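> 3D, please:
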Amino acid sequence: MAAAIVAAATARGATITTAESCTGGMVAAAITDIAGSSAVFERGFVTYSNVAKTEMLGVAPSTLDAHGAVSEEVCREMAEGARQEAGATLAIAISGIAGPGGSEYKPEGRVCFGIATAAGVHTETVEYGAPGRAEVRRQATRHALDMVRDALDRL
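Just a heads-up that it's a prediction; the model follows:
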């Protein structure tokens, strides 16, 4: 998957950046594992804390207060901020509850995604259930890579 992303981005002259919370840089690592990725991967932001989301990506404290870090609203602002800060063609953002834990309102395994391009931002939420922290992170990384590939196909 990551090799196809690097090839597609290279062919389109596109650049990619990541803004990751629960995946802790796993999406960036998957892309940069591919030889030649330096031509298309601009930078990655690991913004695990709310302070990092605000300081590095410009997520509004009011958005965090109103919706919480694990929300499509925050992922929208993360993706927009990462794209702007990096000057990239597209940005993927991820925030979720990998576990263990969660709450009645935000259960373990809930992961929100946002992808920003010049055409705008698309957000979505996936409920992975509680297969364990490592598995939620693995599945979220895979989903994020799918979103990047699909966005590149639309450029």
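
> Based on its surroundings, how many neighbours for Glu108?
Glu108 has 20 neighbouring residues, counting by other C-beta atoms under 10 Å. Any C-beta I mention is one placed from the backbone N, CA and C, and that applies to glycine too.

> I'd like to know the average pLDDT value across stretch 115-134.
Averaging pLDDT along stretch 115-134 gives 97.

> try stretch 9-29
98.

> Show me what counts as buried in that stretch.
Residues 9, 14-23, 26-28 are the ones in stretch 9-29 that count as buried (16 or more other C-beta atoms under 10 Å).

> Just the closest of those to Pro107, please.
Closest approach between the buried residues of stretch 9-29 and Pro107, by C-beta to C-beta: Cys22, at 13.4 Å.

> Find the nearest non-adjacent residue to that closest one, please.
Nearest residue to Cys22, sequence neighbours excluded (C-beta to C-beta, 6 or more residues apart in numbering): Gly96, at 4.0 Å.

> mind checking how far that neighbour is from Ala86?
Applying C-beta to C-beta, to the nearest Å, the value for Gly96 to Ala86 is 22 Å.

> try Arg154
Counting by C-beta to C-beta, the gap from Arg154 to Ala86 is 19 Å.

> can you check Arg133 too?
28 Å.

> These two: which is more packed in?
Just comparing Arg133 and Ala86: by other C-beta under 10 Å the higher neighbour count belongs to Ala86, 20 against 16.

> pretty sure that one contacts Thr18?
No - at 9.1 Å, Ala86 does not count as touching Thr18 under the criterion of C-beta atoms under 8 Å.
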